[in-house]
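K.L.:
Fold the stuff below for me.
(2 chains)
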Amino acid sequence: GQSLEQPSEVTAVEGAIVQINCTYQTSGFYGLSWYQQHDGGAPTFLSYNGLDGLEETGRFSSFLSRSDSYGYLLLQELQMKDSASYFCAVRGDNFNKFYFGSGTKLNVKP
Amino acid sequence: DGGITQSPKYLFRKEGQNVTLSCEQNLNHDAMYWYRQDPGQGLRLIYYSQIVNDFQKGDIAEGYSVSREKKESFPLTVTSAQKNPTAFYLCASSMTGTGRETQYFGPGTRLLVL
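P.N.:
Predicted coordinates:
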């Protein structure tokens, strides 16, 4: 089977840095993605890692270590609008299927 | 503007009733997906389709059916066999063959049982 583990909730203050971890177990692997979802809204794509290392997109960065089956999303200079749920997703044994973690709710406080 | 539309935004189902959720995309994407999201949970795959006239079951297909007669459209029917249909339903699409395969999501349909 496929499983993805991420913390259920994280709280941080405005302007801080927060890291959201994701560990996965899949029988195949074709890349790790991150999505953001505000309450009541649709998920939107943030970042993708197909190879080991760090990908940076503005205030957001994502890291992957395939040998450790681990990745993280790093959010810098937190803003109130970053309060949302963040999901990691993996393309596993079936190249055409995506598996999502249960999500991490990020609460940004003033 | 290119994107994915879902309708209706809210849908109410009576006991024993089949209901159909609409999903349309004008992104020219080959692949389309249906996910179910329960409160505080992640997304679970119901059905997916890589090309017209072909679709595959996901992890929770029981009680659901789909069709893919056109590239742009991928409607989902929630049948009376689905005993716990109350959830947020998300449709997504993606290009295939690029490797990155970002998924683009529609705004979702909330299904409630009367």
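K.L.:
make it CA atoms for all contacts and neighbour counts henceforth
P.N.:
Fine.
K.L.:
mind showing which ranges of the chain have poor pLDDT?
P.N.:
Since no chain was named, I'll use chain A. Flagging of chain A using pLDDT under 70 yields the residue ranges A:93-95.
K.L.:
my question was about chain B
P.N.:
Ranges of chain B meeting pLDDT under 70: B:1, B:97-101.
K.L.:
again, 80 this time
P.N.:
Filtered on pLDDT under 80, chain B yields the residue ranges B:1-2, B:96-101.
K.L.:
now the helices for it?
P.N.:
Assigned by DSSP state H, chain B shows no helices.
K.L.:
Show me what counts as buried in stretch A:92-101.
P.N.:
A:92, A:96, A:97, A:98, A:99, A:100, A:101 (16 or more other CA atoms under 10 Å in any protein chain shown).
K.L.:
and which of those is nearest to residue A:7?
P.N.:
Within the buried residues of stretch A:92-101, distances to residue A:7 taken as CA to CA reach their minimum at residue A:101, with 9.6 Å.
K.L.:
what does chain A put close to chain B?
P.N.:
A:30-31, A:41-45, A:48, A:50, A:87, A:96-103 (CA under 8 Å from any CA of the partner chain).
K.L.:
Would you report which members of these are assigned to helices?
P.N.:
Using DSSP H, none of those sit in helices.
K.L.:
what pairs with whichever strand or helix holds residue A:19, and is each one parallel or antiparallel?
P.N.:
Taking DSSP states H and E as the criterion, residue A:19 maps to strand A:18-25. In the sheet, strand A:18-25 lines up against strand A:3-5 (antiparallel), strand A:70-75 (antiparallel) (DSSP bridges).
K.L.:
hang on, the earlier thing: just the buried residues of stretch A:92-101: which are in strands?
P.N.:
Using DSSP state E, the members of those that fall in strands are A:98, A:99, A:100.
K.L.:
dump the residue contacts of the nearest residue to the last one once chain neighbours are set aside.
P.N.:
The shortest distance from residue A:100 to any non-neighbouring residue, by CA to CA, 6 or more residues apart in numbering or on different chains, is to residue A:89 (4.3 Å). For residue A:89, the set of contacting residues under the criterion of CA atoms under 8 Å, 6 or more residues apart in numbering or on different chains consists of A:4, A:32, A:33, A:34, A:35, A:98, A:99, A:100, A:101.
K.L.:
and what of residue A:45?
P.N.:
Residue A:45 neighbours (CA under 8 Å, 6+ apart): A:33, A:34, A:35, A:36, B:102, B:103, B:104.
K.L.:
Could you do residue A:70 as well?
P.N.:
Here residue A:70 is in contact with A:21, A:22, A:23, A:24, A:64 (CA under 8 Å, 6+ apart).
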